[in-house]
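Participant: model this:
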Amino acid sequence: MHYNGNYDKRELGVTKQKDAAEIRRKIKSVAGKNGWGIAVAGALGVIYGLWQMDIFGMLVGSGVVLTGWNEAHARTLLKSDIGTARTALRLSQIALFLIITISALLGIHGLENLDTQQYLSGEMKNFILGAPNVDMDALQELLRRGLLYTYLGAIALSLFYQGGLFLYYTRKTSHLIKLSKSGQSEEVINRENLE
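Facilitator: Numbering: from 1, shown residues only. Next up is the predicted model:
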């Protein structure tokens, strides 16, 4: 069986459309799950901030909700405007990394004025303060180091996770843009051949 050039071009165009649809589906899935997961985590942060009457915690939680919503919403732009969707997806990762990093750095800065007793529950506080030979300075240093490593770990984890998603979205949307441009140029060539 012999295929003419027009049939091959059409078949190639269908393959590119299928590839583009598959890439869109994957991006939408990742952005939806990750975005709404982040938004829910941020909402829990807002609720905890309200419960603790912590304005900074409420602001951080609100920022996290907004970045999660932005990421989840950006997936709706993939069909109409890939460039805008790409920017929104990548900016969400940058914003979330900055929120986590700034919060952690402020937490590290606050370790200088750490009050060990504020971290202890009522029963634990009574137990430790009532126990003989408790070195409060050593306990405070242990708590300070634990919090420091937690904050540094949060920054490193965020850099790894948000950085990975940034690269994923960049790579996938770049491929999508290339497929879109090659499909448009093929349509122009076919129109010119028909005229």
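
Participant: Specify the local secondary structure of residue 148.
Facilitator: Assigned by DSSP: H, G, I helix; E, B strand; the rest coil, the conformation of residue 148 is helix.

Participant: Check it and give its pLDDT.
Facilitator: For residue 148, the pLDDT comes out at 92.

Participant: neighbours of it, just the number please.
Facilitator: Number of residues near residue 148 (other CB atoms under 10 Å) recorded here: 15. All C-beta spots, glycine's among them, are computed from the backbone N, C-alpha and C.

Participant: Who are the contact partners of it?
Facilitator: Residue 148 makes contact with 108, 111, according to CB atoms under 8 Å, 6 or more residues apart in numbering.

Participant: how close does it sit to residue 141?
Facilitator: 10 Å (CB to CB, to the nearest Å).

Participant: Mind giving me the packing neighbours of the helix or strand containing residue 23?
Facilitator: Assigned by DSSP states H and E, residue 23 falls within helix 5-52. Where contact means 3 or more CB pairs under 8 Å, 6 or more residues apart in numbering; DSSP states H and E, helix 5-52 is packed against helix 55-74, helix 82-110, helix 136-194.

Participant: mean pLDDT for those: which is lowest?
Facilitator: Of all those, helix 136-194 has the smallest average pLDDT, which comes to a mean of 81.

Participant: Distance from that one to the middle of the chain?
Facilitator: Relative to its parent chain, helix 136-194 has a centroid offset of 7 Å by CA atoms, centre = their mean, to the nearest Å.

Participant: Okay, angle between it and helix 5-52 too, please.
Facilitator: 150 degrees (axes from the mean of the first three to the mean of the last three CA atoms, to 10 degrees).

Participant: Quick check: the spatially closest residue to residue 159 that is not a sequence neighbour vs residue 156, distance?
Facilitator: Take residue 159 and drop its neighbours on the chain: the residue closest to it by CB to CB, 6 or more residues apart in numbering is residue 97, 6.5 Å away. Using CB to CB, residue 97 is found at 11 Å from residue 156.

Participant: Give me the more crowded residue out of the two.
Facilitator: More crowded of residue 97 and residue 156, by other CB under 10 Å: residue 97, with 19 against 11.

Participant: Go ahead and confirm the more buried one touches residue 163.
Facilitator: Yes: using CB atoms under 8 Å, residue 97 is in contact with residue 163, at 7.4 Å.
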